[in-house]
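K.L.:
any chance you could fold what I've pasted below:
(2 chains)
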Amino acid sequence: MTFSLDVEDLSCIRGQRALFRGLRFSVDAGRAVSLQGANGAGKTSLLRLLAGFLMPASGTIRLRTDGGDIEHAEDRGKFVGWFGHQDAVKPQLAVREQLAFFARLYGSGRNPDEAMRTFGLLPLAELPGQYLSAGQKRRLALARLQLCARPLWLLDEPLAALDTAGKKLVAQTIVAHCACGGIVVAATHEALGVACETLLLGDG
Amino acid sequence: MTSFLALLFRDIRLAVRAGGGAALALAFFAAVVTLVPLGVGADLRLLSRIAGGVLWVAAVLAALLSLDRLFQADYEDGSLDLIVLSPLQLEATAVAKIGAHWLATGLPLTALSALLAVLFDLSQAGTGALVLSLLIGTPAVSAIGAIGAALTLSIRRGGLILPLIVLPLLAPAVIFGSGAVLAAQDGLASGALYLLTAFSLLCVLLSPFAVAASVRLNLAT
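P.N.:
You can find the predicted model right below:
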């Protein structure tokens, strides 16, 4: 199975300010990259570029897969598992309903109950989203990420608001995803707790 | 198809749960329509003449009430990012959202209008035309409204700008809709319902593309 992410000469301009220029890196299947940099260095923008939400000012983002190279942003999006800094938790829907919805939307065929068990959400299954704590919402987002079954994971501050056990869970999830041949790109200020390459954005 | 239905049912579920806006739109519709006879007075001939217009305008305003959150809610909590990345094409996403809005708002408004028509002493033929015109025309309201909602999804208080974009575009629906009711009351043959059908079909057909383009544009900034 071939799967890799190649970024060449990528530049990003936000609000007439160049966040980075000529960025070049590649990630092979089974590898994790920790994206680091000061506030405003462009970590989230890079993730949004990789996901295909933003268009680069210049450069290419290429996904090499078994089915050929993919450069078009919207096609690339179909490989992305997104874990943004927002939790995308609906206050009116129960935890199980939210996960079941995304499992069906993504057509992954994975079982929401199993994901809930992994992330310690099973006791909260029938609880509406509005009663969840910040950390529980992050766990819900993690369970959803796993349910969506996408090979390229883009994580924005995955460790924020999580307790020690939760952080360990993130590390285990990343390791398991890499072991299955997936790719993880995580923007973070803390150590992920897994063996990974580091990409430093900005002039540092 | 599974993804499409998943999104459709989720949106209906969100609309009918607390704070979803479907019940609010219905209550608003009933309140406004009830207020008009109280303000105009008990002139039954006058009331039955203006019934079509009043019910149509009130239905459009009530539908707009729940439209501004159509994309904004998903945009603000990050759900829209995840929906955009799903296997569902953005155009199909737009159809699901428009469909859910119509099922949760347009259809109940249509049903309620038959009941509220009694307040205006609307004849049987007039009531039939009203219900039929709303049934045909409210999908256009949801479709055009979705364009406005997608355009304003990243604007704070975009709900205030939404009517300014949407109301002029909905003028044909109101004209043909209330025109059909008047023609039916007078027993005249009228092409208003056909024109309304054509307008509604055109809106429903074209708006998903406009909605998808607006969402792409808004996410890219």
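
K.L.:
where does the one residue in chain B that gets nearest to chain A land on pLDDT?
P.N.:
At 3.0 Å from chain A, residue B:78 is the closest residue in chain B, using Cβ to the nearest Cβ. Glycine gets a C-beta too; all of them are placed from N, C-alpha and C. Listed pLDDT for residue B:78 reads 90.

K.L.:
check residue A:47 too.
P.N.:
If you check residue A:47, the pLDDT there is 91.

K.L.:
related to what we said a few turns ago, ok, now which ones touch the residue of chain B closest to chain A?
P.N.:
Going by Cβ atoms under 8 Å, 6 or more residues apart in numbering or on different chains, residue B:78 touches A:84, A:85, A:86, A:87, A:88.

K.L.:
ok, and of those residues, which contact chain B?
P.N.:
A:84, A:85, A:86, A:87, A:88 (Cβ under 8 Å from any Cβ of the partner chain).

K.L.:
which SS class is residue A:81?
P.N.:
On the three-state scheme (DSSP: H, G, I helix; E, B strand; the rest coil), residue A:81 is labelled strand.

K.L.:
and if you look at residue A:189?
P.N.:
Applying three-state DSSP: residue A:189 is coil.

K.L.:
neighbours of the closest residue to residue A:91 other than its chain neighbours, how many?
P.N.:
Residue nearest to residue A:91 in three dimensions, not counting chain neighbours: residue A:130, with 3.6 Å by Cβ to Cβ, 6 or more residues apart in numbering or on different chains. Residue A:130 has 12 neighbours, counted by other Cβ atoms under 10 Å in any protein chain shown.

K.L.:
get me the contact residues on chain B for chain A.
P.N.:
Residues of chain B lying near chain A by Cβ under 8 Å from any Cβ: B:2-3, B:5-7, B:10, B:13-14, B:17-20, B:76-79, B:81-88, B:90, B:219-220.

K.L.:
residue A:116 against residue A:125, yeah?
P.N.:
Yes. In this structure residue A:116 lies within contact range of residue A:125 using Cβ atoms under 8 Å: 5.9 Å.

K.L.:
overlap in contacts, the two.
P.N.:
Joint contacts of residue A:116 and residue A:125 (Cβ under 8 Å, 6+ apart) are A:95, A:96.

K.L.:
give me the residue from chain A nearest chain B.
P.N.:
Closest point on chain A to chain B, by Cβ to the nearest Cβ, is residue A:86, at 3.0 Å.

K.L.:
for the closest residue to that residue other than its chain neighbours, give its distance to residue A:21.
P.N.:
Spatially, and ignoring its direct neighbours in sequence, residue A:86 is nearest to residue B:78 (3.0 Å; Cβ to Cβ, 6+ apart). To residue A:21, residue B:78 is 28 Å away according to Cβ to Cβ, to the nearest Å.

K.L.:
and the host helix or strand of residue B:213, what does it pack against?
P.N.:
Assigned by DSSP states H and E, residue B:213 belongs to helix B:192-219. Applying 3 or more Cβ pairs under 8 Å, 6 or more residues apart in numbering or on different chains; DSSP states H and E, we find helix B:192-219 packed against helix B:79-85, helix B:90-101, helix B:124-151, helix B:158-186.

K.L.:
redo the ones you listed as TSV? Include mean neighbour count and distance to residue A:186.
P.N.:
Listed next are the helices and strands packed on helix B:192-219 as TSV, based on neighbours: other Cβ atoms under 10 Å in any protein chain shown; distance: least, Cβ to Cβ, whole Å:
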stretch	mean neighbour count	distance to residue A:186
helix B:79-85	23	16
helix B:90-101	23	27
helix B:124-151	24	31
helix B:158-186	20	32
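
K.L.:
looking at the ones you listed, which is nearest to residue A:12?
P.N.:
helix B:79-85 (17.6 Å; Cβ to Cβ).
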